[in-house]
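Colleague: I'd like to go over a predicted model; first the sequence, then the structure.
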Amino acid sequence: MLVHPARVTPLAAAAPRQSGPVVYWMHRDQRAADNWALLAAADLARESGAPLCVAFALAPTFPGATLRHYDFMLRGLAETEAGLRAAHIPLVLLPGDPAVVVPVFLRERKAGACVTDFDPMPVKGDWLAAVTASGVCALTEVDAHNVVPCRRASGKREYAAATLRPKIHRLLPEFLTPFPELPVFPATNLAGFAPVDWTAAAATVTADPAVRPVPDIVPGAAAARERLRAFLRDTLPEYAARRNDPNAGATSGLSPYFHFGQLAPQRAALDARDARPGAPEGADAFLEELVVRRELAENFQFYAPRGDLYEALPDWARKTLAAHAGDARPASYAPREFEEARTHSALWNAAQRQLTRTGRLHGYMRMYWAKKILEWSPTPRQALATALALNDRYALDGRDPSGVTGVLWSVGGLHDRPWAKRPVFGQVRYMNERGCRRKFDVDAYIDRYSEEKCA
Ligand code: FO1
């Protein structure tokens, strides 16, 4: 077994075995290398002597997604297809609602078994439920995204990094292991599968063109690996000290690649561990973000009740925000005014322009940015909705457990604790421009994302 059994969760009982191929239904982990779900499917195919094919269901729309996101994803998928075909594994693109087209494909091909990857986002739960209910063949889920499988790291919702961290660290030696090479299949495995027509594929998507692709980031697995190499070589030594300085460019810049599964967080963790001797503080700070914080976000998304995210905020936070709901707001803006960066704050407007223009918002700035939406919105619920909507619409790594929990931490104290009471915030941690000025050169940041430079 190439894959640790704790990563593998049977979802649909083993239906009577059909003679067809093993299908890896790829949705989150969109890469050929370092992919435990693909490795598990390859294992299954070779054990049973069945062909292996990969299927990707291309949804015509995805909650909050725009051309920026589909462009990044489709270009990355085209590169992944090349990587798969080099191992004689075909990629089949299925345009349509995954909940519909995947069961149809499995039935048409008389699939012997279906393996899929793990994603705790609600929309994925709907897709998975539909495929499980179709009962066409055995369906197995493999956690290819987390270093420590989400279900193994903890069997319950964790309320802070402090309670999850020891559980993760104890399990790292068992799960932070090297990836086996992807086995090469016989050339006959490609028989009957023509390469994907990516132009035709893009035409099946109806994504809002108003949010244009980001010019300065190259999608795909190769660019992701190069970015990781450069980050570990050039930035890791100063990462612990400079990561909260939005002008320093000291972040990894890897989150879009993680979001679209073009790079495995485990690959980044393995390489960071190898780089640790040269930069121990940087490596430890990066691994904390990459493994503990990221997997805390997965834990939240997996165990949080479905539905209204505001209700999933900690009790203390909902209570204190309600107690201060009547406090006078120093300013009050509608969602459109936030989106168009038309507030009274030059710093906040610069952050919004960084988000809309570059598709990325520096981690520290995203906290400040979201907390000001709380302070300048009529209600905390509206603030949360506005921050999530803007993050999903413009951030390349939006619609992701990490991005969602980042916003919930800022606006609603998720995974945080009560602080000193303030108007509007109550005991939710407060941030303001003065705090930013103590941390970094705010005027340089404002200048860099000024209206003129972002035109
Ligand atoms: N996953 C799919 O399987 N099919 C899609 O068509 C698809 C579109 C999409 C668009 C924007 C976006 O941010 C994500 C999208 N995803 C799609 C899911 C994505 O690959 C990730 O699995 C999740 O967003 C991570 O939680």
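Modeller: Arrived safely, thanks for sending.
Colleague: near the ligand, which residues of the stretch 301-450 of the chain are found?
Modeller: Arg399, Asp400 (C-beta under 6 Å from any ligand atom). Backbone N, C-alpha and C define where each C-beta goes, glycine included.
Colleague: now the closest residue to Pro180 other than its chain neighbours: how far from Asn189?
Modeller: Residue nearest to Pro180 in three dimensions, not counting chain neighbours: Leu2, with 5.0 Å by C-beta to C-beta, 6 or more residues apart in numbering. Distance from Leu2 to Asn189, counting by C-beta to C-beta, to the nearest Å: 17 Å.
Colleague: more crowded one of those two?
Modeller: Using other C-beta atoms under 10 Å as the criterion, Leu2 and Asn189 rank with Asn189 on top: 20 against 15.
Colleague: now do the same contact list for that one.
Modeller: Pro51, Leu52, Cys53, His88, Ile89, Pro90 (C-beta atoms under 8 Å, 6 or more residues apart in numbering).
Colleague: helix, strand, or coil at the fifth one?
Modeller: Here Ile89 is recorded as coil under DSSP: H, G, I helix; E, B strand; the rest coil.
Colleague: show me what contacts it?
Modeller: Ala32, Leu38, Ala42, Leu52, Cys53, Val54, Leu182, Phe185, Asn189, Leu190.
Colleague: with Trp127 instead?
Modeller: His27, Ala57, Pro98, Ala99, Val102.
Colleague: the ligand: which of those residues is nearest?
Modeller: For these, the closest approach to the ligand (C-beta to the nearest ligand atom) belongs to His27, at 3.2 Å.
Colleague: all helices for the stretch 1-150 of the chain, in order.
Modeller: 36-48, 67-86, 98-108, 122-134, 150-153 (DSSP state H, counting those that start in this stretch).
Colleague: for the last one, C-alpha coordinates in PDB please.
Modeller: Once side chains and other backbone atoms are set aside, the C-alpha atoms of helix 150-153 remain, and they are given as PDB (Å, rounded to 0.1, in the frame of the first residue of the first chain):
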ATOM      1  CA  CYS A 150      -8.000  15.800   8.900                       C
ATOM      2  CA  ARG A 151     -10.000  13.000  10.300                       C
ATOM      3  CA  ARG A 152      -6.900  11.600  12.200                       C
ATOM      4  CA  ALA A 153      -5.600  14.900  13.500                       C
END
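Colleague: which residues does that helix contact?
Modeller: Against helix 150-153 from outside (C-beta under 8 Å, 6+ apart): 6, 9, 118, 120, 143, 146, 164, 167-168, 171, 175, 295, 298-299, 302.
Colleague: and that helix, how far out from the chain middle?
Modeller: Counting by C-alpha atoms, centre = their mean, to the nearest Å, helix 150-153 is centred 17 Å from the centre of its parent chain.
Colleague: who touches whatever helix or strand comes next after it?
Modeller: Next helix or strand after helix 150-153 toward the C-terminus (DSSP states H and E): helix 161-175. If you take C-beta under 8 Å, 6+ apart as the criterion, helix 161-175 is touched by 4, 6, 147-149, 152-154, 158, 288, 291-293, 295-296, 299, 415.
Colleague: buried members of the residues you listed into ChimeraX, please.
Modeller: Filtering these down to the buried ones (16 or more other C-beta atoms under 10 Å) takes a single ChimeraX command:
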select :4,147,148,149,152,153,154,158,291,292,293,295,296,299,415
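Colleague: now do the contacts for the residue lying closest to Trp376 once chain neighbours are set aside.
Modeller: Residue nearest to Trp376 in three dimensions, not counting chain neighbours: Ala331, with 4.6 Å by C-beta to C-beta, 6+ apart. Shown in contact with Ala331 (C-beta under 8 Å, 6+ apart): Thr343, His344, Glu375, Trp376.
Colleague: pipe these into TSV and attach distance to Asp392 per row.
Modeller: Converted to TSV, the contacts of Ala331 look like this (distance: C-beta to C-beta, whole Å):
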residue	distance to Asp392
Thr343	20
His344	25
Glu375	21
Trp376	20
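Colleague: inside helices: which ones of the residues you listed?
Modeller: Glu375 (DSSP state H).
Colleague: biggest separation within the contacts of Ala331, which pair?
Modeller: The most widely separated members of the contacts of Ala331, counting by C-beta to C-beta, are His344 and Glu375 (11.6 Å).
Colleague: the more surrounded of the two?
Modeller: Neighbour tally, His344 and Glu375, criterion other C-beta under 10 Å: the higher count belongs to Glu375, 21 against 10.
Colleague: how about the more buried one, nearest residue that isn't a chain neighbour?
Modeller: Per C-beta to C-beta, 6+ apart, closest to Glu375 is Val424, 5.2 Å.
Colleague: same deal with Leu44?
Modeller: Nearest to Leu44 is Val22, by C-beta to C-beta, 6+ apart, at 4.9 Å.
Colleague: interface residues of the stretch 1-150 of the chain facing the ligand?
Modeller: Counting by C-beta under 6 Å from any ligand atom, the stretch 1-150 of the chain sits next to the ligand at 27-28, 30, 57-59, 62, 65, 69-70, 73, 98, 119, 121.
Colleague: of the residues you listed, which is the most crowded?
Modeller: Result: His69 is most packed of those (other C-beta under 10 Å), 29 neighbours.
Colleague: wait, isn't that one in contact with Ala207?
Modeller: Yes. Using C-beta atoms under 8 Å, His69 is in contact with Ala207, at 7.0 Å.
Colleague: poorly predicted segments of this protein, please.
Modeller: 1, 14-15, 455 (pLDDT under 70).
Colleague: tell me where it has strands.
Modeller: 8-12, 22-25, 52-58, 91-95, 113-117, 138-142 (DSSP state E).
Colleague: can you put those strands in a markdown table and add distance to Glu452?
Modeller: Putting the strands of the chain into a markdown table (distance: least, C-beta to C-beta, whole Å) gives the following:
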| stretch | distance to Glu452 |
| --- | --- |
| strand 8-12 | 52 |
| strand 22-25 | 47 |
| strand 52-58 | 39 |
| strand 91-95 | 42 |
| strand 113-117 | 44 |
| strand 138-142 | 49 |
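Colleague: and the chain, what are its domains?
Modeller: 1-145, 146-179+218-303, 309-448 (automatic domain parsing).
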